[in-house]
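[1] what follows is a predicted structure for the sequence shown.
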Amino acid sequence: MTRTLLAPPLRSNLDTGGESFIRNREDMLDQLAEIDRLLDEAEAGGGPDRMARLRARGKLPIRERIALAIDPDSPFLEISPLAGYDSDYTMGGGMVIGIGVIAGVECVILGNDPSVLAGALTPYAAKKWARALEIARDNRMPYVSFVESAGADLRVETGEGSRRRVNTEHFAESGRFFYEMIELSKLRIPTVCVVFGSSTAGGAYQPGLSDYTIMVREQSKMFLAGPPLVKMATGEESDDETLGGAEMHAETSGSGDYFAEDDVDAIRLCREVVSHLNWRKPAPPPRFTPEEPVHDPEELLGLVSRDLRQPVDVRDVIARVVDGSRFEEFKPRWGESLVCGFASIHGHPVGILGNNGVLYPDSSQKGAHFIQLANQVDVPLWFIQNITGFMVGRDFEADGIIKKGSQLINAVSNSEVPHLTVTIGSSYGAGTYGMSGRAFENRFTFLWPTAKIAVMGPKQIAGVMSQVRRTQAARTGQPFDEAADAEIVAAVEAAQEAGSLALQATGAISDDGIIDPRDTRHVLGLCLSYVGNRAIEGTGSYGVFRL
């Protein structure tokens with residue numbers, strides 16, 4: 001039986017007819033239109049010719065495979081769809097990962113895109129693969145892989161052409177993917193692999209190390225070395241089918257657990273396998289009655305300015321996301337630059353921490369206190385980032401901003417309940433840490449198109465560097481060229497601004513994707529459901545708070 005949170009709905013004085021709101025809304029729609037264009041580019045994969053060639057061979061594109069695998073009319077939350085933005089690689093990196101419901105079970109789904117370099121593992125695909133395994137492990141969700149890959153993108157290893165070398169790991173570290181797949185099985189998290197095409201060399205270990213393997217007649221190929229390499233190594237003549245085809249593995253080697261006639265049949269078998277897993281979700285169903293917000297989520301489009309100088313009351317965001325716009329605010333008259341309180345989203349209870357300015361000593365302590373309270377009652381936390389950092393200056397140092405800011409970061413680091421983070425504006429410096437940035441093992445991180453992430457604001461970076469140059473000139477007795485410095489400041493500011501944009505961050509897979517502000521409620525509702533696959537088992541203990 002569900003119940004309703006007793007807190008009253010938030011009031012909102014948002015002026016939706018004001019000049020700034022209208023301008024913000026137009027800017028947001030422009031940014032969303034560009035993101036939609038990029039998402040279409042990612043969905044196109046290797047382009048129409050390669051898609052047509054794929055279909056001519058009786059195969060389905062990766063997104064169609066996923067659409068058939070998940071339950072009808074159920075959502076698929078794609079993770080990092082714009083990986084590889086502003087690089088030499090195809091948008092998406094040649095791989096699709098996300099979360100969908102298969103036979104009633106929430107599963108992490110990974111799939112090579114065979115229309116892109118024959119599914120070769122680009123550096124961006126490798127990073128997405130690592131993220132998929134992390135999501136499955138951290139949230140204890142079954143892991144389903146749709147494999148069709150030519151193996152590693154060897155052009156990166158050889159430096160062929162002008163391609164940007166983005167992989168920083170040595171080959172010796174490459175086995176980590178397989179270790180983590182095995183670890184999932186050890187943790188009793190099922191792993192299911194459908195081999196739709198070639199699975200060669202290291203790629204052969206994806207099905208080889210999975211709990212269940214499904215292969216497709218005259219399409220699936222699984223071998224440690226293909227015919228050319230076998231001939232070079234041993235002189236043996238062979239063809240794909242006899243060396244590692246589906247029939248051989250289903251009838252002779254025993255490596256294929258299930259034998260499918262085609263793509264659709266393989267997906268049917270995948271759904272059957274997931275249906276017998278006897279998967280049990282430890283979290284109870286939603287405890288509160290889901291209610292649409294009182295305030296229109298459409299109005300989220302006009303809240304945040306593109307340049308972030310316009311202040312935003314985070315309560316206006318909360319009021320357009322949570323059930324019934326109901327919000328029980330904690331310590332509303334103290335530490336006012338950090339808004340904290342309890343609400344529910346799609347019936348799931350959630351604690352909320354949102355920025356209404358920089359973090360002061362009192363707001364830092366307030367946040368640390370609230371995080372401990374949420375941990376006592378096993379309530380997940382949603383962090384709304386719009387933060388330029390912790391407050392600096394002589395008075396604030398004397399008031400213990402380092403000590404009290406560290407208390408907040410300590411509470412974030414040792415919190416055992418799931419953290420979900422949405423960056424709506426700035427996310428600068430140590431403020432990112434205090435508000436549970438990606439490095440602090442939050443379960444999911446999403447950005448609004450207006451998000452900017454950097455060590456500090458572009459103007460501040462450029463200004464600090466200018467002061468350093470000015471001090472150096474004074475120390476050495478050299479004249480200071482104001483005009484030249486102004487040019488450098490402008491160039492640095494422009495470069496830092498471009499590098500801090502949401503698209504740059506999401507292209508590097510430093511988050512889980514850019515979302516339409518109007519979808520925030522639904523994305524968070526899905527994530528609150530996903531995190532319920534893992535029981536909260538923390539001790540509630542913390543590191544030493546310097547009080």
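    Arrived safely.

[2] kindly provide the distance from the residue of the chain most remote from its centre to Thr471.
    Centroid-distance maximum for the chain: Gly477 at 50.6 Å, with CA atoms, centre = their mean. In this view, Gly477 and Thr471 are 12 Å apart by CB to CB, to the nearest Å. From N, CA and C alone the C-beta is placed, and that goes for glycine too.

[3] just to revisit the earlier point, quick check, pLDDT for the residue farthest from the centre of the chain.
    We have a pLDDT of 82 for Gly477.

[4] skipping adjacent residues, who's closest to Lys452 in space?
    Ser500 (4.2 Å; CB to CB, 6 or more residues apart in numbering).

[5] centre of the chain to the stretch of helix or strand Thr421 belongs to, how far?
    Using DSSP states H and E, Thr421 falls within strand 419-428. Its chain's C-alpha centre and that of strand 419-428 lie 12 Å apart, by CA atoms, centre = their mean, to the nearest Å.

[6] try stretch 33-41
    For stretch 33-41, the distance to the chain centre is 18 Å (CA atoms, centre = their mean).

[7] let me see the mean pLDDT of that stretch.
    Per-residue pLDDT values across stretch 33-41 average out to 98.

[8] next one: stretch 67-84
    If you average the pLDDT values across stretch 67-84, you get 98.

[9] what residues of that stretch count as buried?
    Across stretch 67-84, burial judged by 16 or more other CB atoms under 10 Å covers 68-70, 76-84.

[10] and of these, the nearest to Val322?
    Taking CB to CB as the measure, Val322 sits nearest to Leu77 out of the buried residues of stretch 67-84, at 19.4 Å.

[11] ok, and that closest one, which helix or strand is that part of?
    Going by DSSP H and E, Leu77 is in strand 76-79.

[12] strand partners (parallel or antiparallel) of that strand?
    Note on strand 76-79: by DSSP bridges, its sheet partners are strand 95-102 (antiparallel).

[13] the helices in the stretch 151-300 of the chain, which residues?
    154-158, 176-186, 205-208, 227-234, 240-244, 246-248, 263-275 (DSSP state H, counting those that start in this stretch).

[14] any weak-confidence spans in this structure?
    Judged by pLDDT under 70, the chain has its weakly predicted residues at 154, 156-174, 456-457, 464, 539-540, 546-547.

[15] if we can go back for a sec, dump the C-alpha coordinates for the strand holding Leu77 into PDB.
    Output of strand 76-79 as PDB, limited to C-alpha atoms (Å, rounded to 0.1, in the frame of the first residue of the first chain):
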ATOM      1  CA  PHE A  76      15.700   1.900 -22.800                       C
ATOM      2  CA  LEU A  77      18.000   4.400 -21.000                       C
ATOM      3  CA  GLU A  78      21.000   4.700 -23.300                       C
ATOM      4  CA  ILE A  79      24.200   5.600 -21.600                       C
END
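
[16] give me the contact list for that strand.
    The contact list for strand 76-79, computed with CB atoms under 8 Å, 6 or more residues apart in numbering, reads 66-67, 70, 96-100, 109, 128, 131-132, 135, 512-513, 523, 526-527.

[17] just the ones of these in helices?
    If you go by DSSP state H, those have 66-67, 128, 131-132, 135, 523, 526-527 in helices.

[18] now flag whichever of those is closest to Asp30.
    Nearest to Asp30, judged by CB to CB, of these is Val523 at 21.3 Å.

[19] just checking, the closest one touches Phe446?
    Yes. Between Val523 and Phe446 there is a contact at 6.2 Å, judged by CB atoms under 8 Å.

[20] mind listing what's buried in the helix or strand hosting Ala491?
    Taking DSSP H and E as the criterion, Ala491 maps to helix 482-500. For helix 482-500, the neighbour count (16+ other CB under 10 Å) marks 485, 489, 492-493, 496-497, 500 as buried.

[21] tabulate these (CSV), appending distance to Pro286.
    Below are the buried residues of helix 482-500 laid out as CSV (distance: CB to CB, whole Å):
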residue, distance to Pro286
Asp485, 58
Val489, 52
Val492, 49
Glu493, 46
Gln496, 43
Glu497, 41
Ser500, 37
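
[22] tell me the phi and psi of the residue nearest to Pro282 when sequence neighbours are not counted?
    Nearest residue to Pro282 in three dimensions, chain neighbours excluded: Ala535, at 4.0 Å (CB to CB, 6+ apart). Reported as degrees, to the nearest 10, the phi and psi values for Ala535 are phi -70, psi 150.

[23] tell me how far Ala535 lies from Gly351.
    On the measure of CB to CB, Ala535 and Gly351 end up 18 Å apart.

[24] Asp485 too?
    Going from Asp485 to Gly351 by CB to CB gives 47 Å.

[25] next one: Ala33
    Taken as CB to CB, the span from Ala33 to Gly351 is 34 Å.
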